[in-house]
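Asks: Model the structure of this input:
(2 chains)
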Amino acid sequence: MPVMTSFERLSEEEKYKQFMERIEAGEKIEADDWMPEEYRMTLVKLIAMHGISEIMGALPEKEWVPKAPSLRRKLGIMAKVQDEMGHGQLLLRVAEDLMAPLGKTREEIMQDLFKGDLKFHNVFHMPAPTWADAGLIGWLVDGAAIITQTNMLDASYGPYARALKRICAEEVFHAQHGESIILALAEGTKVQRDMIQDALNRWWDALLMFFGPDNASTTGTSKQDITIKYRIRTKTNEQLRQDFFTKYVPRILSLGLKLPDETMYFDKKQGKWIYKQPDWNQFKEIIRNNGPKSKERLRLRELSYRNNAWVREALSGQSAAV
Amino acid sequence: MEGRDSTMKIMKPEELMQHPEYKEVLIELLFQLADDDLIIAYRGSEWLGLAPHIEEDVAFSSISQDTMGHAAMYYQLLEEMGVGNADDLAHGRKASERRNAVLLEEVNGSGHYLHEPRYDWAFTVVRNYFYTQAKKVRIDSLKSCSYVPLAQVAVKINMELYYHLMHWKTWFIQLVNAPGEARERMKNAVAKVLDDFAGVLTLGSKGKKMAEFGLIEDEDLLKQRWIQAMKPIFEQTNLNLPNNFGMKRGNGRNGEHTADLDEAIATLSEVYRLDSLANW
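Replies: Sure, this is the predicted structure:
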């Protein structure tokens, strides 16, 4: 006869109370621990989206891997994009463990992506038409990612916090890789310098959108309140965006680049950056897979998935013969 | 020295000045080695994000990265010999100047890496496995190369090669032994790869001289070693390994190439050509 432990005898409400006490005391929740449904679902959505964004995020940079302009740059960008795929793998493993009690697998994650139910990050819907875009993605998109991920390093869910620790360490190298490409261009010919300014202008709105809307009134929904309540993150979207400005605006200016938002300034009294809001309606369209490159990149992923179905079948030991 | 008639060792590039014929043959060998690795690593990089599963994407891109690193080491040796800047040698040479085997330049499948790629995983596994085994045989021989800087590079490459070979061998055996469609696809890929595999195994018109100078052993001997290594795998998987292989689409060692290489060079040098004098 199975023996009920004292925890199992508690009511749902009591379990919830104990759970909240644990995370408020800074304890880590592990995959097999009891957790409220809302917590599990929030994590699944967040981590699956993060994982799939790493994988979709390889696609814009991948365009430049075969084209990188020197042997050193070829090796650097190959290593960088490989790391991103590795992050995707690591995160999907974390999401898979959370999904297991729901009877779901990676197959569902991929199918949700193709159906448009699982979103990927807004920045990876954008075009990367020049080599400077490849540098800028490493420098500023990865720079922005470091800021949002550092905000979750102490997440209450242990497996995610540990994965992020490793990811953040690698992202620092990526940002240096991107910065090195950008520095070479900034010290180069006029054509090279113009390439970076163009790329910065092109990416500015997407970078602001990267941190998400200030609050739910902007786009209708926002998960930030729930993630803060469950101690998955600490800072709000707007705080993170401000941190990004503080870190990168001086660096952008020191390279002799112009800020794409000419109205922007730091208000000393309020202690914050005043800037022009990006078009949040466009943001909504982008994450609905109506961004400039959404369909094309999804098509790449879906096509490769279908094209390699025979390989997965062979590995699973099932005969492909019908 | 494993029966070689020459015991001469060249320690530094500066010493090559006194041996013009040796230098010429060494340059030829280095271009074959460098161009082979560059183009197969390039084809590997096109697969990025499109591999059968995410774990493979990570592993394959790591292998392509190593292989690109090997190409860079060979081009660096050429640079030190005064042949030209390594980046110019990798990016700036026309197809007719390239010495890679034709098999390695062939596209991964139909479509472009950014538009409707329908890449052939069976062909990729077979090409990479067979090539990596040939590379292993060559590297083992190069470890006692009379040009010591190349022997040292061979020792470094050899360490990574162990994992590459294990990776492709595992894929090969798994897919060949899988029932139905997978085995059929693999058999077709084996036939396709062997049709051009003589182009991988040959050392070109200067091959005899390479052996004479103690740079690398004779190509017939290397070919036999490749067959010896592959035979048990073919037996184990019930496949037939012929004794002779084809060179259907030309000898890359002589600068004979297909349009696939022109297109690959145009892509891999696209940014470099915007301004080949600029610092990137």
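
Asks: residue ranges for the strands of the stretch 151-300 of chain A, please.
Replies: Along the stretch 151-300 of chain A, counting by DSSP state E, counting those that start in this stretch, strands occupy A:265-267, A:272-274.

Asks: could you say what helices and strands the first one packs with?
Replies: In this structure, strand A:265-267 makes packing contacts with strand A:272-274, judged by 3 or more Cβ pairs under 8 Å, 6 or more residues apart in numbering or on different chains; DSSP states H and E. Where C-beta positions appear, they are placed from N, C-alpha and C, glycine not excepted.

Asks: Just give me the neighbour total for the closest residue to A:Ile47 other than its chain neighbours.
Replies: Distances taken as Cβ to Cβ, 6 or more residues apart in numbering or on different chains place A:Ala95 nearest to A:Ile47, at 4.4 Å, with adjacent residues excluded. A total of 24 residues lie near A:Ala95 under the criterion other Cβ atoms under 10 Å in any protein chain shown.

Asks: so where does A:Ala95 fall, helix or strand?
Replies: Assigned by DSSP states H and E, A:Ala95 falls within helix A:71-99.

Asks: Now do A:Asn289, the pLDDT please.
Replies: The model reports A:Asn289 with a pLDDT of 96.

Asks: One more: A:Arg9?
Replies: With respect to pLDDT, A:Arg9 has a value of 87.

Asks: neighbours of it, just the number please.
Replies: A total of 9 residues lie near A:Arg9 under the criterion other Cβ under 10 Å.

Asks: A:Met41 too?
Replies: Residues lying near A:Met41 (other Cβ under 10 Å) number 14.

Asks: what's the helix or strand for it?
Replies: A:Met41 belongs to helix A:37-62 when assigned by DSSP H and E.

Asks: Give me the nearest residue to residue 35, chain neighbours excluded.
Replies: No chain was given, so I picked chain A. Once its chain neighbours are removed from consideration, A:Met35 has its nearest residue in A:Ile29; the separation is 5.9 Å (Cβ to Cβ, 6+ apart).

Asks: That was the other one, I meant chain B.
Replies: What sits nearest to B:Asp35 in space, not counting adjacent residues and going by Cβ to Cβ, 6+ apart, is B:Asn100, at 3.7 Å.

Asks: Out of the strands of the stretch 151-300 of chain A, which one sits most buried?
Replies: Ranked by mean neighbour count, these are led by strand A:272-274 with a mean of 14 (mean count of other Cβ atoms under 10 Å in any protein chain shown).

Asks: Now that strand: average pLDDT?
Replies: Confidence for strand A:272-274, expressed as mean pLDDT, is 97.

Asks: do stretch A:235-250 as well
Replies: 97.

Asks: same check, this time on stretch B:120-136
Replies: In this model, stretch B:120-136 has a mean pLDDT of 98.

Asks: now that stretch, how far from the centre of its chain.
Replies: 10 Å (Cα atoms, centre = their mean, to the nearest Å).

Asks: does it come close to chain A?
Replies: Yes: between stretch B:120-136 and chain A, judged by Cβ under 8 Å from any Cβ of the partner chain, the touching residues are B:Trp121.

Asks: And stretch B:45-57, by the same measure?
Replies: Yes: contact of stretch B:45-57 with chain A (Cβ under 8 Å from any Cβ) involves B:Ser45, B:Glu46, B:Leu48, B:Gly49, B:Leu50, B:Ala51, B:Pro52, B:His53, B:Ile54, B:Glu55, B:Asp57.

Asks: now the helices for chain A?
Replies: Remark: helices assigned in chain A by DSSP state H are A:12-24, A:37-62, A:71-99, A:106-115, A:131-136, A:142-150, A:158-186, A:190-210, A:216-219, A:224-229, A:237-254, A:280-285, A:294-307, A:309-315.

Asks: For B:Glu24, find the nearest of these.
Replies: Distance to B:Glu24, taken as Cβ to Cβ, is lowest for helix A:71-99 among the helices of chain A, at 24.0 Å.
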